[in-house]
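> Curious how this folds, go ahead:
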Amino acid sequence: MAIKVSQSTGYVPNLQMSAFGYVMGAVLLIIMLPALPILIPVYVVWRVFFADEPTEPTFESWRTDADRYRPQAPQPDEPEDEDDD
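Numbering: from 1, shown residues only. Now for the predicted structure:
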């Protein structure tokens, strides 16, 4: 009892597969909706107490970093002394 699914050629939208995707998305939404009041507080507690926050670089650490690239200002050319003979 196999149901044939239309094969996409890539030139036109595949209506059958698109409809299947929307139906599955709706089913997952209906299943997950009752779990949201549980999942949201669990996620917040996990982020607050258990998740390791990556340290973000600050301007102070960037400014005092010895290995960072420090461009040099261009030096003005010194005028050459011309001797008037």
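
> Give me the helices and strands touching the biggest helix by length in the chain, please.
What stands out as the longest helix in the chain, according to DSSP state H, is helix 15-32. Helix 15-32 sits against no helix or strand, with contacts defined as 3 or more CB pairs under 8 Å, 6 or more residues apart in numbering; DSSP states H and E. From N, CA and C alone the C-beta is placed, and that goes for glycine too.

> how far out from the middle of the chain is the helix or strand just after it?
Next in sequence after helix 15-32, counting helices and strands by DSSP states H and E, comes helix 36-45. Helix 36-45 has its C-alpha centroid displaced from the chain centroid by 22 Å (CA atoms, centre = their mean, to the nearest Å).

> List the contacts of helix 36-45.
Here helix 36-45 makes contact (CB atoms under 8 Å, 6 or more residues apart in numbering) with residue 32.

> Start the count at 567 instead of 1 going forward.
In the new count, where the first residue is 567, that last one comes out as helix 602-611.

> Please state the mean pLDDT value computed over it.
For helix 602-611, the mean per-residue pLDDT is 91.

> Kindly calculate the angle that that helix makes with helix 581-598.
Interaxial angle of helix 602-611 relative to helix 581-598 (axes from the mean of the first three to the mean of the last three CA atoms, to 10 degrees): 80 degrees.
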